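>>> When you get a sec, could you give me coordinates for this:
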Amino acid sequence: MEIIEIGAVRMNDRLEILDEFASFVKPIQSPILSDFCKKLTSIAQSDVDHAEIFPDVFPKFLAWIGNDPFMLCSWGNYDFRQFKLDCERHRISFPFHKEKHINLKQAMADLKKIKPTGMAGALEIFGLPLLGKHHRGIDDAHNIARMAQIILKSVH
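Okay, the predicted model is just below:
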């Protein structure tokens, strides 16, 4: 598995969405996307064929994050682990620390006192429609941000 898209949104202290980062990433170990991957993500082979490789995209992502204090939020631990794996694969120093990561999937389960659930199911629990295409990085980031606004206001 390799990162083929980085999608993120930046939120301020009031949990308002300020801007976004979206970039396809050209995979190098498995450069041809499987039919399953293309169907799941709606990412076309041409999207990644014309993209930059991870060592070129990741520094741009870090520059977008900037030097201000931040928390990296994701639905589950998969994205955090995949960033770490791709950094190791490309011999890039991994800049994120576990204490700088919030697993919103677990935070929501703790808040609602339920078993952890997938992003689409969580949106349903919150009464929020799924916006965009599920499993597209930037669309998932926006959907997760909408839930983060609810979850983080409840726990802080």
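>>> Run me through the strand neighbours of the lengthiest strand in the chain, direction for each.
The strand spanning the most residues in the chain, taking DSSP state E as the definition, is strand 17-26. The strands beside strand 17-26 in its sheet (DSSP bridges) come out as strand 5-11 (antiparallel), strand 52-53 (parallel).
>>> Got the confidence number for V155?
You'll see V155 listed with a pLDDT of 74.
>>> Report the outermost residue of the chain with respect to its centre.
Relative to the C-alpha centroid of the chain, counting by C-alpha atoms, centre = their mean, K113 is the outermost residue, at 23.9 Å.
>>> got a list of what that one touches?
Counting by C-beta atoms under 8 Å, 6 or more residues apart in numbering, K113 touches no other residue. Where you see a C-beta, it was placed from the backbone N, CA and C, and this is true even at glycine.
>>> quick one, phi/psi of it?
K113 adopts backbone torsions of phi 60, psi 50, taken as degrees, to the nearest 10.
>>> what about it, distance to I92?
Remark: distance between K113 and I92 (C-beta to C-beta, to the nearest Å) = 39 Å.
>>> likewise K115?
Using C-beta to C-beta, K115 is found at 35 Å from I92.
>>> out of the two, which sits in the more crowded spot?
It is I92, of K115 and I92, that has more neighbours when counted by other C-beta atoms under 10 Å, with 15 against 6.
>>> Return the backbone torsion pair for M119.
Listed backbone geometry of M119 is phi -60, psi -50, with angles given as degrees, to the nearest 10.
>>> close enough to count as contact, it and D139?
No - in terms of C-beta atoms under 8 Å, M119 does not count as a neighbour of D139; the distance is 10.3 Å.
>>> got a list of contacts for stretch 69-78?
Outside of stretch 69-78, the residues within contact range by C-beta under 8 Å, 6+ apart are 80, 96, 100-106, 116, 118-119, 122, 140, 144-145, 147-148, 152.
>>> Tell me which residues of that stretch come out buried.
Burial within stretch 69-78, assessed by neighbour count using 16 or more other C-beta atoms under 10 Å, is assigned to 72-75.
>>> any chance of the strands paired with strand 17-26 in TSV, plus mean pLDDT and distance to A44?
Shown next, in TSV, are the strands paired with strand 17-26 (pLDDT from 0 to 100; distance: least, C-beta to C-beta, whole Å):
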stretch	mean pLDDT	distance to A44
strand 5-11	97	12
strand 52-53	98	16
